[in-house]
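J.: Okay, here's the prediction I keep looking at, along with the sequence it came from:
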Amino acid sequence: MDFHHVGVAVHSIEETAKWYVNKGYDMTETFNDPIQKVYIAFLKRSDSPLLELVQPADKISPVSNILKKSGVSAYHFCYETDNLQETIEDMEKQDFKVLIEPVPAVAFNNRKISFLYNIDIGLIELLEK
């Protein structure tokens, strides 16, 4: 697996991005992902990890719960993998639970993603290469 990005739960992509853009990050367009019920934008800077700002699209979005509990915060790490299903099966053997089965992701040109959780590791997003 190759590291891809850090996911950050935000109330407002526009408001959070202002600070990062002021620090030299470039922001992508904002994507609406109706499957995940979120809006997503990426912040890039050559000397820093890619950041994914994730804003809930409505009150039932899973990101709404993260914001209620923790406020604006990093909440997942994403890794790219050559074989999504094989990686999921391997991670399940390491006590990860699949929270979201593979689904297409608008922000990644409909490449599939999956979310897994391990109590000692946290939330991991897998992205097919």
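T.: Structure's in. What do you need? Numbering: from 1, shown residues only.

J.: Can you tell me the SS state at Ala17?
T.: Put simply, Ala17 is helix when judged by DSSP: H, G, I helix; E, B strand; the rest coil.

J.: Count residues in the vicinity of it, would you?
T.: 20 (other C-beta atoms under 10 Å). Every residue, glycine included, has its C-beta placed from N, CA and C.

J.: Helices of the chain, start to end?
T.: 13-22, 62-70, 84-92 (DSSP state H).

J.: Out of the ones you listed, which gets nearest to Gly122?
T.: Gly122 sits nearest to helix 62-70 of all the helices of the chain, at 11.7 Å, using C-beta to C-beta.

J.: that older thread, and the helices of the chain: which comes nearest Arg45?
T.: Comparing those by C-beta to C-beta, helix 13-22 comes nearest, at 8.0 Å.

J.: Would you pull up how far that closest one lies from the middle of the chain?
T.: Relative to the chain's own centre, helix 13-22 is displaced by 17 Å; criterion: C-alpha atoms, centre = their mean, to the nearest Å.

J.: Number the residues from 59 up from this point.
T.: Sure, I'll start counting at 59 from here, so that last one is helix 71-80.

J.: Could you list the buried residues of it?
T.: 71, 74-75, 78 (16 or more other C-beta atoms under 10 Å).

J.: Out of those, which is nearest to Pro160?
T.: Nearest to Pro160 among those: Ile71, at 25.0 Å, using C-beta to C-beta.

J.: Quick check, pLDDT for that closest one.
T.: pLDDT, Ile71: 98.

J.: Repeat that for Pro160.
T.: pLDDT at Pro160 comes out at 97.

J.: what's it in contact with, if anything?
T.: Listed by C-beta atoms under 8 Å, 6 or more residues apart in numbering, the contact set of Pro160 reads 142-143, 146, 170-172, 186.
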